[in-house]
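A.B. asks: Coordinates only, no sequence provided:
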């Protein structure tokens with residue numbers, strides 16, 4: 001018997017949720033970013049607008065775009081970044 005998978009794996013983007021759990025092809029504003037020297041050096045901090053372009057399967061990285069730059073963020077960091085829909 002086949003069951004249709006509901007869209008429960010994608011959280012509601014209207015409330016704050018992790019960057020890893022929101023849907024792709026949408027704009028978000030970063031609400032909370034972990035203290036990470038690499039993210040800071042790229043200018044990624046709170047209230048930073050991003051476009052989530054793609055998320056690789058099986059725990060792969062998330063690709064975000066900002067200012068015409070594509071940045072890959074690993075799952076371990078993406079689950080710590082809280083976003084809200086713009």
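C.D. replies: All right, it came through fine. If you're wondering where the values come from, they're calculated on a predicted model, not measured in any experiment.
A.B. asks: mind checking how far the closest residue to residue 73 other than its chain neighbours is from residue 74?
C.D. replies: Of all residues not flanking residue 73 in the chain, residue 62 sits nearest, at 5.1 Å (CB to CB, 6 or more residues apart in numbering). C-beta: built from backbone N, CA, C; applies to glycine. Going from residue 62 to residue 74 by CB to CB, to the nearest Å gives 8 Å.
A.B. asks: Name all residues that make contact with the residue nearest to residue 73.
C.D. replies: 19-20, 52, 54-56, 72-73, 75, 78 (CB atoms under 8 Å, 6 or more residues apart in numbering).
A.B. asks: How many neighbouring residues does residue 24 have?
C.D. replies: For residue 24, the count of nearby residues is 13 (other CB atoms under 10 Å).
A.B. asks: Which strand or helix spans it?
C.D. replies: Per DSSP states H and E: residue 24 is located in neither a helix nor a strand.
A.B. asks: list the contacts for it?
C.D. replies: 52-55.
A.B. asks: Whichever helix or strand residue 70 is part of - contacts with which helices or strands?
C.D. replies: Here residue 70 is covered by strand 69-73, with elements defined by DSSP H and E. With contacts taken as 3 or more CB pairs under 8 Å, 6 or more residues apart in numbering; DSSP states H and E, strand 69-73 sits against strand 62-66.
A.B. asks: Could you tell me the angle between the strand it packs on and strand 69-73?
C.D. replies: Counting by axes from the mean of the first three to the mean of the last three CA atoms, to 10 degrees, strand 62-66 points 150 degrees away from the direction of strand 69-73.
A.B. asks: Neighbouring strands of strand 62-66 in the sheet, and parallel or not?
C.D. replies: Take DSSP bridges as the rule and strand 62-66 pairs in its sheet with strand 49-55 (antiparallel), strand 69-73 (antiparallel).
A.B. asks: Tell me which of the ones you listed sits most buried.
C.D. replies: Across those, the average number of neighbours (mean count of other CB atoms under 10 Å) peaks for strand 49-55, which reaches a mean of 17.
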